[in-house]
Every structure is written in C-alpha cells, then in structure tokens.
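Colleague: my questions concern the predicted model and sequence given below.
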Amino acid sequence: MQLFLVNYDTHYEIEQLSRMFFKGLTVEKCADIPPLPQQDYILIVKTDSGFDYTVNIKRTESKSTAALDPDGPKEEMQLCLGAYKLYQSATGSGLPWGVLTGVRPVRLMRNLYKAEGDLEKVKEKFRKDYLVSEEKIDLCTNVFNIQKPVIDCGNPQDYSLYISIPFCPSRCSYCSFVSTSIKTAGHLMQGYVDNLCEEIRYTAKKAAETGLNLKTIYMGGGTPTAITAAMLEQVMKTVQECFDLSKVLEYTVEAGRPDCTDLEKLQIIKKYGATRVSINPQTFSDNVLKAIGRNHTHADFLRCVADARTAGFDSINMDLIAGLPEDTVEGFEKSLRGCIRLGAENITVHTLTLKRASNLVIKNEEHHYDDVEKMIAKNAILADYGYKPYYMYRQKSTVKNLENVGFSQNGHESLYNIYIMEEIQTIISCGAGGVSKVVAADGDLKRVYNYKYPQEYIKDFDAIIDRKDQVFDICRQFGLDR
Ligand code: SF4
C-alpha cells in the first residue's frame, strides 16, 4: 500500500497511523497529484479548506473530505482524524487508541489536565479529538490517578540511578535490547564490571558535589544476575559504599532469567540493600519458552521465586508477554493466574513488539497474532485480585498497536517505572547501553548516551567519564545544582 501525500510536508503522525491499518505502507510526498496505481493506494490532498482523502483497496474506492476547524486540534491531528475515519469505514476495523500514535498517553493526559484543570474535559478530548476507546480512556485515567500524588511531590533535584549489566544467558527471540550472550562475551564480564564500579564511584562523587538527591536505583540490562555471584557482589558493594541507601526509597534488581539466578545471588542482592526484584516468567508454558529461545523451564521459574522469598524479598515483579509465538489465549490466562497465585506484588503485562533488531523479525518468522487482543482483555482478571494499573507505555511496532501495563498491589508501585516512563525525574545511567536523561524543573529534557556495547565501554573508558561530566554540566545548566 502506498500513501501519496500531496501538498503537505509533515508526515510523521499520518505515516504512523496509516501503518497501523496497512502493514508495510510507504509514503510519497508530492507537490501535485501523481499518476496513481490501479489499486491499493491512499491519496491525501491538502486543499485551501482542509483535506481530501481517497482510499483504494483492491480497486474499491472510498472518498471523504474534511474541513479544517480553526478551533480544533493541531492541523496534523485533524489530518489524522479524517484519515482514521475513512480507514475505519474502508477496512471495517478501528484502533483501541484511535489516532494516538505516541508512546506516552498518560503524559498527554497529564499535560492536557494541566491546561484544562478538569479531568472530565480531558477525557472528552481523548474521546472526540483522538477517538480513543472508552476502555483505554479508563485505563489511562486509572494510571493517571495513581501516578498523580507521586508526580506532584517530585523535586527537580531528585534523581534515580540506572545501572546496566548488558549480558544474558542467551538471546530471547523478541529481544532488541543491548545484551550480549555470556557464551560469546563471558570473557568481557570482569573488565566490564571493574569499569562499571569506577563509573558508579565517579557518578556518586559528582552527584554529591552537584547536590542531587538519590531516590531510586534500578539495576537492569540485559540480566544483572547473568554475571557471577562475585561480580554481582562487587557491583552491589560499590553501590552500597557510594550512596546512602537509607535515603533511597526503592532499589530494584532485575533477576529476570531463572537460568542464571540462584539463592546465592538473590541473597547477595538482598544483603546489599535491594528492596525489589523482577523475576520474569514471560509465559508459564514450556513450549512457548522454547520457541522464544529461553533456556529455562517453568519449574526453574518456580524455584527462582521460592529462592527470592527465602532470601527475604517481599516485593517481586513478574513480567508476562501477550502474543508470544505458540502461545494461546488459554495459555496466557494460565500464566496470568499463575502469577496471581504466586502472590506477585507487581505483574507487568507487555504486548509483543516486533522490533527490527529482534531475531523474530530478522529471521522473518511467521506467526499469527490474531489472539493478542483477547489475551490483553484477560488483564481484567487482575482487578479481582486487587491489582491496579500504575504505569503504562506504548511502543512502535507493537502487535495490534496495544500497550504495556504495570499492575501493582497497593503500596508496591515501582517509583522508578513511573519516573522513567513519564520522564519526570532525572535518571543518571551507568554502564553500556545506558542513557542519562536530565530533566529540568520546567520539563525540558536532555539525553546523554553511554557507549552501547561492552567492548567499546571497556576500551574507551575515558569517553565514559567525559560523558558523565556532560550529564552534570547539563544539571548545572538546568539549575539543578545547589
Ligand atoms: S532476558 Fe531480557 S535482555 Fe536478555 S535477551 Fe531476553 S529479553 Fe533480552
């Protein structure tokens, strides 16, 4: 399918929206109406008064016209609204998030709330201007209400520390993170950990000089428990020595993979002050685990959760993914109910995202994703057991344009997840693949990227320190120093 956009320059939103209806769509911007193919094209022409739309699917043509409303939403959004309505009638199906293509619907709701001061008016805007379904408006509103007190008491000098351990026991087929298999890169781990500890020490010193307050710590990756117990202890001991953990509100370590997480590592994580771990089954079905390239079984996951409880953790997150190859609606429900039965304090439900860098996409594996909406609908079960949605984000290329939602028991909401997803607090990152985000009091945000891969991180450590200096220079420019 080809979209011809005539006499209109801005095309990001319309391109994203059109791709959600028509897979593989390409966009051609033209000054005049070009010669059109016989079938399968979209023609959108900007006129003096608005937009003319034509959709041709298998030689069946649908047309509409939309006049620009000077009091309506921004022009590109009006372009999308007209296109959405025609796409919906031409294809017979709509999208749960309407014309919203952005990754952070809750932030949009918060910004509109700031401007309107009335949540009902904001919801009406979601309904009318963005054509969002009632179900998604409710989801967004619930998340907004839970986040509001957390966000309202934020202080610009607060920050969170992210520590990246970019190694994993094997690569999951859907993964697009910076993560290196320990089989091929195990020899890099000690050098990496030594540099990481150096970067953590430097960060702690600069943050103290700048007068920032550490609020949460998140160790992720990769899989932090992929490194040896001794290395994990080295990193966590460094963190304990460098920061006053008694003032830290939350300290999470991702112990995501049961195939590299044991009681010894979990006891180290607990001993050095972590308050929360994430142990991620992704699914409770062994055939699905095999299909996605994870080396562990469901029994390994159960053992790992029992070890985490033995180590003393009373806050455990479990990640699930809806839409995995070979999973079924029944299989997904079994996984969801299984997490509930195990008493997970947090359950995060992701919708499968087909990222370009993932093996699923690279190997062009054929799977059908027709059931994913039915799987996500099963999330309703969580409310019966006291779980509430507290953070949410969307990604490009997510199957059926759905979302990822973190659910929590009262009082177990992860602050870090709210800070990072809503971009309302400075996050300083250490380690390969880390991205520091400095957030000013007025919401302005600047990013500084660390090297992506462990090899370059080990080789050019001076550059890492230079980039850390950049982070603190930005903090000063933003007036975050005291
Ligand atoms: S465990 Fe996570 S980071 Fe590691 S390969 Fe799998 S999805 Fe990627």
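Modeller: In hand now; what should we look at? In this text, all values refer to a predicted model and were calculated from it rather than measured experimentally. Numbers count the residues shown, from 1 in each chain.
Colleague: quick one: mean pLDDT over stretch 309-318.
Modeller: For stretch 309-318, mean pLDDT rounds to 98.
Colleague: what does it contact?
Modeller: Under the criterion C-beta atoms under 8 Å, 6 or more residues apart in numbering, residues 252, 263, 266-267, 269-270, 275-281, 305, 308, 339, 342-348, 406, 412, 414 lie in contact with stretch 309-318. To be clear about C-beta, it is placed using only N, CA and C from the backbone, and glycine gets the same treatment.
Colleague: check stretch 135-150 too.
Modeller: Residues from elsewhere that reach stretch 135-150, judged by C-beta under 8 Å, 6+ apart: 96-97, 105-106, 109-110, 113, 119, 123, 126-127, 132, 388-392, 403, 405, 413, 415, 418, 422.
Colleague: just the buried ones from those residues?
Modeller: 96-97, 105-106, 109-110, 113, 123, 126, 132, 388-392, 403, 405, 413, 415, 418, 422 (16 or more other C-beta atoms under 10 Å).
Colleague: what ranges do the strands span in the stretch 51-200 of the chain?
Modeller: For the stretch 51-200 of the chain, applying DSSP state E, counting those that start in this stretch gives strands covering 60-67, 158-165, 167-168, 180-181.
Colleague: which ones among the contacts of stretch 309-318 lie within helices?
Modeller: Among the contacts of stretch 309-318, the ones falling in helices (DSSP state H) are 263, 266, 267, 269, 270, 305, 308, 339.
Colleague: sorry, back to before: out of the strands of the stretch 51-200 of the chain, which gets the lowest mean score?
Modeller: Averaging pLDDT over each of the strands of the stretch 51-200 of the chain puts strand 180-181 lowest, since it has a mean of 82.
Colleague: who wins for proximity to the ligand among the strands of the stretch 51-200 of the chain?
Modeller: Nearest to the ligand among these is strand 167-168 (3.3 Å), distances taken as C-beta to the nearest ligand atom.
Colleague: residues in contact with the lowest-mean-pLDDT helix or strand in the chain: which ones?
Modeller: Sorting the helices and strands of the chain by mean pLDDT, DSSP states H and E puts helix 359-362 at the bottom, at a mean of 73. With contacts defined as C-beta under 8 Å, 6+ apart, helix 359-362 is touched by 171, 173, 174, 175, 293, 325, 354, 355, 356, 365, 367.
Colleague: report the buried residues of that helix.
Modeller: Burial within helix 359-362, assessed by neighbour count using 16+ other C-beta under 10 Å, is assigned to 359, 360, 361.
Colleague: ok, and of the residues you listed, which contact the ligand?
Modeller: The subset of those within reach of the ligand, by C-beta under 6 Å from any ligand atom, is empty.
Colleague: show me which of those residues is closest to the ligand.
Modeller: Lowest distance from the ligand to these (C-beta to the nearest ligand atom) belongs to residue 359, with 9.6 Å.
Colleague: okay if I get the strands of the stretch 51-200 of the chain as JSON lines plus distance to residue 453 and mean neighbour count?
Modeller: Compiled in JSON lines, the strands of the stretch 51-200 of the chain are given as follows (distance: least, C-beta to C-beta, whole Å; neighbours: other C-beta atoms under 10 Å):
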{"stretch": "strand 60-67", "distance to residue 453": "47", "mean neighbour count": "14"}
{"stretch": "strand 158-165", "distance to residue 453": "11", "mean neighbour count": "25"}
{"stretch": "strand 167-168", "distance to residue 453": "11", "mean neighbour count": "26"}
{"stretch": "strand 180-181", "distance to residue 453": "7", "mean neighbour count": "18"}
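Colleague: export these to CSV and tack on distance to the ligand?
Modeller: Converted to CSV, the strands of the stretch 51-200 of the chain look like this (distance: least, C-beta to the nearest ligand atom, whole Å):
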stretch, distance to the ligand
strand 60-67, 41
strand 158-165, 10
strand 167-168, 3
strand 180-181, 8
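Colleague: which residues in the stretch 251-400 of the chain form strands?
Modeller: Taking DSSP E, counting those that start in this stretch as the criterion, the stretch 251-400 of the chain contains strands spanning 276-278, 316-322, 346-351, 388-394.
Colleague: quick revisit: distance to residue 90 added to the strands of the stretch 51-200 of the chain, as a markdown table?
Modeller: Listed next are the strands of the stretch 51-200 of the chain as a markdown table, based on distance: least, C-beta to C-beta, whole Å:
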| stretch | distance to residue 90 |
| --- | --- |
| strand 60-67 | 4 |
| strand 158-165 | 44 |
| strand 167-168 | 43 |
| strand 180-181 | 45 |
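Colleague: for this protein, what lies in contact range of the ligand?
Modeller: Within the chain, the positions lying close to the ligand (C-beta under 6 Å from any ligand atom) are 168, 171, 172, 175, 177, 179, 221, 222, 223, 256, 257.
Colleague: and for the spatially closest residue to the fifth one that is not a sequence neighbour, the neighbour number?
Modeller: Distance criterion C-beta to C-beta, 6 or more residues apart in numbering; nearest residue to residue 177, sequence neighbours excluded, is residue 222 at 6.7 Å. Other residues within reach of residue 222, judged by other C-beta atoms under 10 Å, total 26.
Colleague: my read is that residue 222 contacts residue 182, right?
Modeller: No: in this structure, residue 222 is not within contact of residue 182 by C-beta atoms under 8 Å, at 9.7 Å.
Colleague: tell me, how many residues neighbour the residue nearest to residue 125 when sequence neighbours are not counted?
Modeller: Excluding its sequence neighbours, the residue lying closest to residue 125 (C-beta to C-beta, 6+ apart) is residue 112, at 6.0 Å. For residue 112, the neighbour count with other C-beta under 10 Å is 18.
Colleague: the one 5 residues further on now?
Modeller: Other residues near residue 117 come to 9 when the count uses other C-beta under 10 Å.
Colleague: look at it and report its pLDDT.
Modeller: So, for residue 117, pLDDT stands at 92.
Colleague: mind listing what it touches?
Modeller: Counted by C-beta under 8 Å, 6+ apart, residue 117 has zero contacts.
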